[in-house]
Every structure is written in structure tokens, then in C-alpha cells.
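Engineer: curious how this folds, go ahead:
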Amino acid sequence: MTQLSSSPVRVVVLGGGTAGWMTAASLAKLLPGQVTVDLIESDDIGIIGVGEATLPHIRGFVERLGIDEASFMKATHATYKLGIDFRDFGAIGESYIHPFGSFGEAVQSVGFHHWWLDLHRRGAAADLGDYSFAVRAARENRFQPPAHDGSLASTYGYAYQFDATLFGPFMRKFGLSIGVNRHEGLVTKIERDGDSGDVAALVLKDGRRIEGDLFIDCSGFRSLLLGQEMAEEWEDWTHWLPCDRAAAMPCQHDGGELPPYTTATAMPAGWRWEIPLQHRMGNGYVFSSAHLSEDQACDAIRAAARGTPLADPRILRFRPGRRRHSWAGNVVAVGLASGFLEPLESTSIYLAQMAITNLIELFPAGGRIDPRDRDEFNRLVDMEYDRIRDFLILHYHATRRDDSDFWNHVRTMKVPGSLADKIELWRSTGRVEKYGEGLFFEPSWIAVYVGQGLLPERYDARVAQVDPARVGAALDRLRQAIDGGVAAMPGHTEYLRSEAARLAQAA
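Structural biologist: Coordinates of the predicted model:
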């Protein structure tokens with residue numbers, strides 16, 4: 001690159017939608033004076049947008065950009081989310097909630113789940129979810145932001161459920177307000193530097209030429225820059241995650257309280273989602289095309305969805321996997337251009353946010369890319385994708401279902417060695433692999449292991465040093481305290497209305 005270190009780095013973002021405008025707005029807001037940001041998008045190219053569920057990390061993103069939460073929620077018809085309710089995954093008729101929070105607390109350096117496992121073996125423990133503030137609040141359809149005082153009411157987090165077709169435009173408006181330059185048009189030519197092979201400029205259909213130093217590929221599954229132009233190879237994971245289609249259909253609410261969680265219900269060839277928004281209910285069937293036709297999936301979601309349909313089901317096609325590298329040359333891919341993992345754990349926006357965060361931390365000063373920074377970026381992105389991949393596979397593999405070809409396949413398939421090791425560690429010791437980076441820490445793995453009936457053969461021997469009656473009494477007190485705290489919370493719908501009224505009054 002020839003850009004002088006005293007000049008702003010010229011960043012060109014290809015593609016709008018959620019990933020494109022999150023990237024453009026973040027760079028413009030968090031690197032003021034260091035970058036100029038040009039974004040190219042075309043109204044002729046549609047975006048993938050259905051009801052979108054997120055993880056608690058999105059709150060940090062909104063806050064870091066200085067966006068008012070209530071205004072953001074109003075613009076996107078958002079609701080709050082305390083976790084995901086998984087139904088029929090371990091076996092038909094069973095359910096559990098993967099919460100955004102902990103289960104109990106460690107005692108004498110022994111994790112809470114070890115104490116619970118011992119009492120469970122003795123037939124003296126309640127459901128594991130009864131010892132989680134987030135689970136109990138979700139089941140009671142109650143919500144309020146967590147406390148920050150170290151009490152039980154501070155042992156959970158929350159995320160948002162919003163209309164994805166409105167989130168991109170919201171971020172576009174915000175990005176334009178802080179200096180992002182938008183160019184409407186289709187890219188018809190990509191110019192490369194003859195010496196370095198880096199991308200030098202993107203040429204639009206009308207002849208406009210957009211030069212840059214760093215190019216961010218947010219072109220979705222097309223991956224126009226990283227995949228097509230830079231020829232970065234795709235690593236396909238369909239053999240582990242066979243779901244490659246979704247039939248999405250919005251419906252009217254059927255009345256009643258809005259649940260503060262996403263529902264995922266296992267189906268004969270995959271699973272279906274319910275995402276409650278303020279103005280409608282998002283529904284969809286994520287399925288394997290090797291086990292179910294698109295027409296059959298559409299019929300299935302029509303039959304299963306609650307509420308009056310607002311549109312016919314539409315089919316979304318995808319391939320689970322990722323590019324071998326997400327940063328090649330001077331091209332960085334964010335979002336679907338980098339990879340895709342099905343929405344079972346609501347990780348799509350998180351993966352885009354993660355890439356943006358790492359890019360900002362490793363941003364090439366003065367436009368000069370250090371290969372070590374590029375390697376570190378790729379390591380971090382690959383680690384996230386690989387760990388999330390394993391976590392998603394666990395939901396399918398840890399099942400006792402044998403009622404369809406799909407479930408027989410995922411139950412008996414050979415899983416990645418990294419996941420096989422985690423499962424064996426849990427089976428033999430009751431321990432969860434610990435790590436300091438990445439997504440889904442110990443409570444998340446425990447929620448799925450226990451929720452789907454995968455209990456360990458052994459657990460921490462130190463629990464035998466304490467009288468089980470004392471442990472049982474302590475757990476009873478914990479349940480009672482959680483029940484009292486949850487009972488004092490407002491209903492989720494009531495809280496949404498109070499926040500809307502507060503926002504209206506402030507305006």
C-alpha cells in the first residue's frame with residue numbers, strides 16, 4: 001500500500017444489510033479521523049431478513065456506538081430475550097431453556113452443577129433450570145434489566161429479538177449520520193494492483209470508480225471479493241450440520257403475553273423457530289433438504305405456526321461452513337461472506353460483531369497491513385466458528401430420538417474430534433472444557449448436556465465431604481430466593497409498554 005500514515009485509511013464496504021451497516025457504522029464511530037468509510041449497496045439486491053434473535057453481546061455493540069436502547073427497540077419492534085427454549089431435542093416431550101445466565105454458584109471451589117448432580121442422583125434435586133434466575137423469569141414471562149449489585153438479580157443477562165428487515169435500515173440511518181458515504185449501484189468490475197494483487201478499486205455499473213486501501217466484503221453468500229475474486233476456499237460443514245434450508249413465515253400474534261425468549265422446537269427433519277416481536281411473530285422451519293422437500297417444509301410450517309400468516313413461506317438456502325481465511329490480501333469478509341452457521345443458537349449477528357471488533361483491534365495503522373495482524377484475525381475468527389460449530393452439533397448429536405432418518409443420522413454420525421473430546425470429558429468427569437476466549441462458556445454447555453439427558457458417569461468427589469441434607473437445604477433456599485425475586489419482576493409485555501411510554505414522554 002502507498003497510503004501515507006498521516007492520511008485516513010480509505011475503507012470500502014461492499015454490501016449493505018445488517019453486516020455492511022454494522023461494519024461501516026462501527027469503523028466510522030470508533031476510528032474517528034483514522035478512516036474514511038464508503039459503502040456500496042444496490043437496491044436491486046435483496047437482503048436475508050427474518051425475525052432475528054441475538055445474544056447478549058449485541059447490547060455492548062449498541063452501547064458502544066452510543067445508540068439509545070429504547071429508541072433502537074422502538075425502531076426495530078424489538079422484544080427482550082433471556083434465553084432459548086429448546087423443545088423435543090433430547091426426546092419428544094422434553095424441554096429446557098439455555099439461559100443467558102448462571103445456574104447457582106460454586107461452593108468451596110466446586111461448580112454448582114456438581115452439587116446438583118449428586119442430589120439429582122439421590123432423587124433430591126429439582127430441575128436444573130429452577131436454580132437459574134434467567135430460566136425462572138423466562139418461564140414466568142417476566143422481565144427487567146439485571147441488577148449490578150452482586151445479588152441473584154444480577155446473575156443473568158439479556159439480548160434482543162428484532163425485525164431484521166428494519167435493523168439494517170436503522171443502522172444505515174445511524175451510519176449516514178456519522179459520516180459514512182453511501183454509493184448506490186452494482187459492482188461490475190474489480191481492479192487489482194498488478195504487483196501486490198490487492199484490490200485497488202471497485203467499478204460500478206455506471207462507471208463510477210471507488211478506490212480504497214482496505215475492502216470489507218459484506219456481499220452475503222456471494223462473497224464477491226473474498227470468495228470469488230480472492231478465491232478463498234470454502235470449508236463445507238454440511239456433513240456435520242445437514243440443515244441447509246429454512247422456510248420462513250411471519251404471523252400475527254395469537255394474543256397473550258409476549259415470551260422473553262426464542263423457542264426452538266425439534267421437527268422430523270430439523271427444527272422450527274418462534275421469535276416474538278412487538279408487531280408480529282417470526283416463524284420458520286430450518287431443515288435438511290436431503291430429508292425433506294421445500295414444499296413439505298412450507299406445508300409443515302403452515303401447519304405448526306401459531307397465529308394468522310401474514311405472508312406465504314419463503315425459502316432461504318444456505319450452506320453451513322466458513323472460508324478458510326476471512327482476511328486475504330487487503331480484503332476482510334464480515335457476515336455471510338465469511339461463513340454461515342445455522343440460527344439454532346442465534347449466532348449470526350454475533351459472528352459479524354466479533355469480526356468487526358477484532359478488525360478494529362487489529363486495524364492496519366496508516367493502511368499498512370501487518371501479516372501478523374492478519375494471521376491473528378484469522379485465528380480468532382476460525383476459533384469462534386469452530387467452537388460454535390461444535391456447540392451446534394451437540395444439540396443434534398446428544399439426542400435419544402430415533403423417530404426419523406434425520407435424527408438417526410445426526411445421533412449416530414461421527415462428530416469433530418474437538419467435540420468428541422468435550423463430550424468424553426463431560427461423560428467421565430462432569431467437567432466442561434474451560435477457555436478464556438470465544439463464545440458459550442460453562443453454563444451454556446451444561447444447559448445442553450443436562451437438558452438433553454446427557455449426564456456424566458462421575459462428578460467432583462469433593463461433594464461427598466458435605467452432608468447431602470445440608471446441600472439440599474441450601475438449594476431449597478436458593479430456589480425460594482429466585483422465586484421471590486422473579487415474582488417481584490413486571491411481566492415482559494408490561495415492561496415493554498412502560499419503556500415505550502417513557503420514550504414517548506421523553507420525546
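Engineer: point out where the chain drops to low pLDDT.
Structural biologist: 1-6, 44-51, 507 (pLDDT under 70).
Engineer: got the domain ranges for it?
Structural biologist: As assigned by automatic domain parsing, the chain contains the domains 9-78+162-235+320-386, 245-317.
Engineer: helices of the protein, start to end?
Structural biologist: 17-30, 57-64, 69-76, 112-121, 133-139, 164-177, 294-304, 348-361, 371-397, 405-412, 417-429, 442-451, 468-487, 492-506 (DSSP state H).
Engineer: the fourth one versus helix 417-429: what angle between them?
Structural biologist: Inter-element angle recorded for helix 112-121 and helix 417-429: 50 degrees (by axes from the mean of the first three to the mean of the last three Cα atoms, to 10 degrees).
Engineer: what's the angle between helix 112-121 and helix 468-487?
Structural biologist: Here helix 112-121 runs at an angle of 110 degrees relative to helix 468-487 (the same axes, to 10 degrees).
Engineer: list of residues touching helix 112-121?
Structural biologist: Contacts with helix 112-121, where a contact means Cβ atoms under 8 Å, 6 or more residues apart in numbering, come from 102-107, 125, 128, 131, 430, 446, 450, 455-456, 459-460, 462-464, 468, 471-472, 475. The C-beta positions use only the backbone N, C-alpha and C, and glycine is treated the same way.
Engineer: now the helices of the chain in TSV, with distance to A266 and mean neighbour count?
Structural biologist: Listed next are the helices of the chain as TSV, based on distance: least, Cβ to Cβ, whole Å; neighbours: other Cβ atoms under 10 Å:
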stretch	distance to A266	mean neighbour count
helix 17-30	27	26
helix 57-64	26	16
helix 69-76	28	18
helix 112-121	23	21
helix 133-139	19	26
helix 164-177	23	20
helix 294-304	12	16
helix 348-361	20	22
helix 371-397	9	19
helix 405-412	8	16
helix 417-429	19	15
helix 442-451	12	21
helix 468-487	27	15
helix 492-506	25	14
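Engineer: of all those helices, which one comes closest to L202?
Structural biologist: helix 17-30 (13.4 Å; Cβ to Cβ).
Engineer: narrow the contacts of helix 112-121 to those that are buried.
Structural biologist: Neighbour-count burial (16 or more other Cβ atoms under 10 Å) is assigned, among the contacts of helix 112-121, to 102-104, 125, 128, 131, 430, 446, 450, 456, 459-460, 463, 468, 471-472, 475.
Engineer: picking that back up, can you lay out the domains of the chain as JSON lines showing distance to H395?
Structural biologist: Formatted as JSON lines, these follow (distance: least, Cβ to Cβ, whole Å):
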{"stretch": "domain 9-78+162-235+320-386", "distance to H395": "6"}
{"stretch": "domain 245-317", "distance to H395": "8"}
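Engineer: so which of those domains is nearest A137?
Structural biologist: A137 lies closest to domain 245-317 among those, at 7.1 Å (Cβ to Cβ).
Engineer: quick one: closest of the helices of the chain to P242.
Structural biologist: helix 405-412 (6.9 Å).
Engineer: just the angle for the closest one relative to helix 371-397, thanks.
Structural biologist: 120 degrees.
Engineer: list the contacts of helix 405-412.
Structural biologist: 242, 266, 268-270, 288, 291-292, 393, 396-397, 399-402.
Engineer: ok now it, how far from the chain's centre?
Structural biologist: With Cα atoms, centre = their mean, to the nearest Å as the basis, helix 405-412 stands 25 Å off its chain's centre.
Engineer: quick one on the thing from earlier: may I ask which of the contacts of helix 405-412 has the most neighbours?
Structural biologist: When neighbours are taken as other Cβ atoms under 10 Å, the top entry among the contacts of helix 405-412 is G270 (29 neighbours).
Engineer: T265 versus the closest residue to that one other than its chain neighbours, what's the distance?
Structural biologist: In space, and not counting its chain neighbours, G270 is closest to F287: 3.7 Å by Cβ to Cβ, 6 or more residues apart in numbering. Using Cβ to Cβ, to the nearest Å, F287 is found at 12 Å from T265.
Engineer: so which of these two has more stuff around it?
Structural biologist: Neighbours were counted for F287 and for T265 using other Cβ under 10 Å; F287 has more, 28 against 16.
Engineer: contacts only, for the residue nearest to G270.
Structural biologist: Listed by Cβ under 8 Å, 6+ apart, the contact partners of F287 are C243, R245, A246, A247, M267, A269, G270, A297.
Engineer: from F86, how far out is it?
Structural biologist: F287 sits 17 Å away from F86, going by Cβ to Cβ.
Engineer: ok, back up a step: wait, which of the domains of the chain is closest to P490?
Structural biologist: When the domains of the chain are compared (using Cβ to Cβ), the closest one is domain 245-317, at 11.0 Å.
Engineer: torsion angles phi and psi at the residue nearest the centre of the chain?
Structural biologist: Nearest residue to the geometric centre of the chain (Cα atoms, centre = their mean): T347, 1.8 Å. In terms of degrees, to the nearest 10, the main-chain angles of T347 are phi -100, psi 0.
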